[in-house]
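Undergrad: Give me a model of this one.
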Amino acid sequence: MPNGQTDRIATSGPRADKGVAVLNNLVSSLPTGVKAEDKTRIGFEDYGPMTRTQSQFSEYAAGDLEVWEYMAYAAVVRAGAPGVGELWIQVETKGNTQVKGLPGCGSAISRPYPVTGDGRCDVVDAGGKEVAVVTANSAEDGMEQAAFFRHEDGTLVIVAQSREYPNSGHPALAELPLTPQQLAAIAGDPKFHLD
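TA: Coordinates of the predicted model:
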């Protein structure tokens, strides 16, 4: 493990701080009418907080290059609509081996997690960037939709959403929190290009 860590997860220091920054940047990227709320689980207290972050060492690449994963989860609501949805983001720094550098939907199809099961992939233009957006046919075992963007240096950003926040005790939203275009814009945003 790097930097004297005893396991993969960084709970303090600059790497943990980057995980918090990912969450804060995700929340500040939400469009008008959608906001993150730090909800409390109803009947699922042992599952931990609904809004949370995680920073973890993934692997070494090219000798001593540290590959890190920064993740954040947020409960989201839509103005004037009942229910609570979920947003999830993962940033995998350069050197990661997750999607083998395939372009467009090739990368998303090779590793569609956190979307599982059958579905489709569309390439969405987000400010001149091609972002692969995978949409599941159902949301039984994962997120309903995810946007995948790989930067030129290999950094991978995945942003996913679902109408329901599983194991929260809250009812689901009637529709997804964001449009595919809004989801793609977050995935392609340079502020998530981390090292």
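Undergrad: Next secondary structure after the lengthiest strand in the chain?
TA: With DSSP state E setting the assignment, residue counts place strand 65-78 as the longest strand in the chain. Tracing the chain past strand 65-78, the next element assigned as helix or strand by DSSP states H and E is strand 85-92.
Undergrad: Render the CA-only coordinates of the helix or strand of the chain with the lowest mean pLDDT in PDB, please.
TA: Per-element confidence for the chain was summarised using mean pLDDT, DSSP states H and E. The lowest value among helices and strands belongs to helix 105-110, with a mean of 74. These are the backbone C-alpha positions of helix 105-110, laid out as PDB (Å, rounded to 0.1, in the frame of the first residue of the first chain):
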ATOM      1  CA  CYS A 105     -19.700   2.900 -26.400                       C
ATOM      2  CA  GLY A 106     -16.900   0.200 -26.700                       C
ATOM      3  CA  SER A 107     -15.600   1.300 -23.300                       C
ATOM      4  CA  ALA A 108     -19.000   1.400 -21.700                       C
ATOM      5  CA  ILE A 109     -20.100  -2.000 -23.100                       C
ATOM      6  CA  SER A 110     -16.800  -3.600 -22.000                       C
END
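Undergrad: on contacts alone, who are the packing partners of that helix?
TA: Packed against helix 105-110, as judged by 3 or more Cβ pairs under 8 Å, 6 or more residues apart in numbering; DSSP states H and E, are the following elements: strand 119-126, strand 129-136, strand 145-150. Placement of C-beta: from N, CA and C, glycine included.
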